[in-house]
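Novice: below are the sequence and a predicted model; questions follow.
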Amino acid sequence: MDTDIFKDFLNLRLSAFICGCFYNFLYIKKGNMRFRFALILLLIAIFFTPSASFSFEGKGCAGDCASCHSLTKDEAGKILKIEVSEVKTAAVKGLWEIDGVQNGNKIKVHLDFGKKYVVLINRLIPVDDIGKPPPIRKIDLNLIPLTDALIIGNPSAKNRVIVFTDPDCPYCKKFHTEMKETIKKNKDIVFYIKLFPLVNVHPEAYEKSKAILCKNSLKLLDDAIEGKKLPKADCDTKAVDENLKLTEQLDINVTPSIILPDGRLIPGFIDSPALLQLIGTKQ
């Protein structure tokens with residue numbers, strides 16, 4: 001068989017195989033998540049393997065082709081708009097594995113060798129979309145109990161803002177100051193603060209949160225924000241665990257997370273002027 005004809009034949013068979021994978025991914029039962037996940041990994045491996053199954057050429061780089069590509073921490077940080085701590089080749093050929101910090105939270109992402117796509121579990125994100133604000137999501141305020149919330153401002157104020165915060169989160173500390181500035185500018189705003197310790201990132205935040213809620217003390221929260229040592233919790237409150245379950249149910253995973261009076265969820269830090277503008281422009 002002629003070499004070119006043989007290549008075309010193999011490419012055609014491979015294309016048919018990939019189409020079949022996509023068909024199975026779209027139409028297999030939702031309950032069969034293991035099979036869906038396996039297909040996702042298989043397709044990622046096919047599309048990003050630098051040996052380029054579609055070409056069947058012997059030219060180019062040897063092995064996994066990593067020697068042909070480079071990515072520094074500074075370059076990765078500029079592309080992804082995060083603080084990068086480590087860059088290495090991923091287990092899947094053709095991808096970089098990048099560890100970094102975004103909004104105070106540790107994250108791990110994968111970037112293709114072409115530096116055009118960020119690879120998540122089941123979708124590709126164009127690099128140009130990185131850093132753009134995510135679609136605004138709304139939370140049903142009735143799902144959030146406020147009996148354990150700490151209050152900054154006048155409880156009878158018209159505009160109620162709910163904030164999920166971590167006493168050891170640096171961005172939460174910045175926003176704590178912004179909350180106090182906000183109520184100075186507008187007395188008709190009140191903040192209800194729910195403690196949400198990110199235990200994987202800030203291991204001491206859980207016990208601090210318990211100590212604060214045992215006393216239901218805004219003063220202790222202020223002390224924690226200022227880095228002061230807190231007394232140990234003197235009660236067996238379940239409020240912190242309930243808050244952790246609640247944030248999981250609401251798919252809230254960033255601190256601070258700010259819920260506006262109309263239910264809009266703003267993940268991450270914003271300053272007082274931006275917050276006042278958001279409260280004044282309901283959607």
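Specialist: Here it is on my side, so go on. Quick caveat, the model's predicted, so the values are computed rather than measured.

Novice: what about residue 246, distance to residue 152?
Specialist: As judged by CB to CB, to the nearest Å, residue 246 and residue 152 stand 20 Å apart. No exception for glycine: its C-beta is placed from N, CA and C like everyone else's.

Novice: of these two, give the one with the bigger neighbour count.
Specialist: residue 152 (20 against 16; other CB atoms under 10 Å).

Novice: so the more buried one: helix, strand or coil?
Specialist: At residue 152 the chain is in strand, as set by DSSP: H, G, I helix; E, B strand; the rest coil.

Novice: nearest spatial neighbour of it, skipping sequence neighbours?
Specialist: Distance criterion CB to CB, 6 or more residues apart in numbering; nearest residue to residue 152, sequence neighbours excluded, is residue 191 at 4.3 Å.

Novice: so where does residue 247 fall, helix or strand?
Specialist: Assigned by DSSP states H and E, residue 247 falls within helix 239-249.

Novice: could you pull up the mean pLDDT of the helix or strand following that helix?
Specialist: With elements assigned by DSSP H and E, the helix or strand that comes after helix 239-249 is strand 257-259. Strand 257-259 carries an average pLDDT of 95.

Novice: list the contacts of the following helix or strand past strand 257-259.
Specialist: The first helix or strand that comes after strand 257-259 along the chain, using DSSP H and E, is strand 264-267. Strand 264-267 has contacts (CB atoms under 8 Å, 6 or more residues apart in numbering) with 103, 134, 136-139, 252, 254, 257-260, 278, 283.

Novice: packing partners for the helix or strand following strand 264-267?
Specialist: As assigned by DSSP H and E, the chain's next helix or strand after strand 264-267 is helix 272-280. Under the contact definition 3 or more CB pairs under 8 Å, 6 or more residues apart in numbering; DSSP states H and E, helix 272-280 sits against strand 159-165, helix 170-185.

Novice: helix, strand or coil for the residue nearest to residue 152?
Specialist: Under three-state DSSP, residue 191 comes out as strand.

Novice: correct me if wrong: it contacts residue 154.
Specialist: No - counting by CB atoms under 8 Å, residue 191 sits too far from residue 154 to count as a contact (10.3 Å).

Novice: compare those two (neighbour count), which wins?
Specialist: Taking neighbours as other CB under 10 Å, residue 191 and residue 154 compare with residue 191 leading, 25 against 12.

Novice: from residue 116, how far out is the more buried one?
Specialist: 41 Å.

Novice: setting aside sequence neighbours, what's the nearest residue to residue 198?
Specialist: residue 166 (5.1 Å).

Novice: got any ranges where this structure has weak pLDDT?
Specialist: Counting by pLDDT under 70, the chain shows low-confidence ranges at 1-68, 104, 120-127, 129-134, 281-283.

Novice: tell me the contacts of the closest residue to residue 250 other than its chain neighbours?
Specialist: Spatial nearest neighbour of residue 250, chain neighbours left out: residue 139 (5.9 Å); criterion: CB to CB, 6+ apart. When contacts are counted by CB under 8 Å, 6+ apart, residue 139 is found next to 250, 259, 263, 264, 265.

Novice: just give the nearest non-adjacent residue to the second one, would you?
Specialist: This means residue 259. Nearest to residue 259 is residue 162, by CB to CB, 6+ apart, at 4.2 Å.

Novice: what about that neighbour, how many residues nearby?
Specialist: Neighbours of residue 162 (other CB under 10 Å): 21.

Novice: can you check residue 77 too?
Specialist: Around residue 77 there are 16 residues (other CB under 10 Å).
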